[in-house]
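**Q** this one's structure only:
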């Protein structure tokens with residue numbers, strides 16, 4: 001997980017999974033050969049490419065295969081690509097598809113397992129349709145935060161992350177905690193990736209209880225954690241049902257847009 005810079009306008013200072021907005025170029029357009037195999041659902045392609053790109057930008061990990069051999073790239077190859085391209089991709093000077101084609105690679109979008117989908121509540125000033133994927137870090141590649149959007153990084157188990165958040169040692173928002181509880185059902189990476197997760201759009205709401213206001217999501221969606229006390233600034237929010245139809249699924253950027261994590 002990475003710690004978002006306190007200078008950012010969204011989730012500043014929070015410990016999160018790497019991710020970010022879907023860029024128009026993530027749809028690949030006339031560069032579809034840069035990713036393989038392509039997902040069955042056309043709408044997933046920009047989300048998966050965005051996830052591969054954001055992981056590369058924020059952690060220097062690259063999910064890619066050599067075009068000729070079909071083998072995952074070696075850690076040494078990934079390191080050279082990071083040194084040459086990561087900042088340029090981050091700055092928009094070159095697209096990740098252009099990088100892949102120039103280097104004889106294909107983006108390994110098939111390694112991503114759809115995991116969860118969160119839509120910010122209707123009352124939020126900035127709205128996002130966030131799609132989450134799970135993937136195993138390629139053997140030998142070492143995640144390192146970029147020092148720009150992510151100012152720190154840590155490798156820890158879901159259970160430890162949740163314990164640290166509950167004890168106030170790490171700032172983790174409710175959606176991330178819920179995702180951690182879902183991921184934490186498994187002790188092994190292989191088991192987590194083999195799970196068939198229900199990916200139903202979910203949005204939290206503020207509910208008044210005898211113990212005070214809580215953030216709550218529906219049960220039965222695979223999340224072990226379904227509520228937690230609302231932060232002071234959330235307690236004054238008037239409860240409103242989520243309105244999913246107002247938000248485009250992909251691609252986009254800014255308020256009311258798509259994100260891939």
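**A** Looks like it came in fine. Given the structure is predicted, the values throughout are model-derived calculations rather than measurements. Numbers count the residues shown, from 1 in each chain.
**Q** The protein: helices as residue ranges?
**A** Using DSSP state H, the helices of the chain run over 44-59, 75-90, 96-102, 158-166, 174-183, 189-194.
**Q** between the second one and helix 44-59, how many degrees?
**A** Taking axes from the mean of the first three to the mean of the last three Cα atoms, to 10 degrees, one finds that helix 75-90 is oriented at 100 degrees with respect to helix 44-59.
**Q** Quick check: which helices or strands does helix 75-90 pack against?
**A** Counting contacts by 3 or more Cβ pairs under 8 Å, 6 or more residues apart in numbering; DSSP states H and E, helix 75-90 is packed against helix 44-59, helix 96-102. C-beta coordinates here come from the backbone N, C-alpha and C atoms, glycine included.
**Q** What of the fifth one?
**A** Counting contacts by 3+ Cβ pairs under 8 Å, 6+ apart, helix 174-183 is packed against strand 113-119, strand 128-134, helix 158-166.
**Q** can you rerun that using 6 Å?
**A** Packing contacts for helix 174-183, counted by 3 or more Cβ pairs under 6 Å, 6 or more residues apart in numbering; DSSP states H and E, involve helix 158-166.
**Q** Also the first one?
**A** Packing contacts for helix 44-59, counted by 3+ Cβ pairs under 6 Å, 6+ apart, involve strand 257-260.
**Q** For stretch 14-28, the averaged confidence score.
**A** Mean per-residue pLDDT for stretch 14-28: 92.
**Q** Can you give me the end-to-end span of that stretch?
**A** Length of stretch 14-28, first residue to last, Cα to Cα, to the nearest Å: 31 Å.
**Q** Same question for stretch 105-123.
**A** End-to-end for stretch 105-123, by Cα to Cα: 43 Å.
**Q** so how far is that stretch from its chain's centroid?
**A** 6 Å (Cα atoms, centre = their mean, to the nearest Å).
**Q** that older thread, of all the helices of the chain, which one is nearest residue 141?
**A** helix 75-90 (5.2 Å; Cβ to Cβ).
**Q** List the buried residues in the closest one.
**A** 77-79, 81-82, 85-86, 89-90 (16 or more other Cβ atoms under 10 Å).
**Q** and what of stretch 178-194?
**A** Buried positions in stretch 178-194, judged by neighbour count with 16+ other Cβ under 10 Å: 178-184, 192.
**Q** What of stretch 199-211?
**A** 199, 201-206.
**Q** same question, stretch 15-28
**A** 15-23, 25-28.
**Q** Spatially, which two of these are the most separated?
**A** 15 and 28 (31.2 Å).
**Q** Could you tell me which ranges of the stretch 101-250 of the chain sit under the pLDDT cut-off?
**A** Within the stretch 101-250 of the chain, the ranges that satisfy pLDDT under 70 run 232-250.
**Q** try it again with 80
**A** 122-125, 147-149, 231-250 (pLDDT under 80).
**Q** per-residue pLDDT, residue 8?
**A** The model's pLDDT for residue 8 equals 62.
**Q** Show me the buried residues of stretch 15-28 that map onto strands.
**A** 15-16, 20-21 (DSSP state E).
**Q** Among those residues, which one lies nearest to residue 154?
**A** Of those, the one sitting nearest to residue 154 (Cβ to Cβ) turns out to be residue 15, at 7.4 Å.
**Q** residues touching that closest one, list them.
**A** Contact partners of residue 15, counting by Cβ atoms under 6 Å, 6 or more residues apart in numbering, are 1, 3, 170, 172.
**Q** between the residues you listed, which has the most around it?
**A** Among the contacts of residue 15, the one with the most neighbours (other Cβ atoms under 10 Å) is residue 1, at 22 neighbours.
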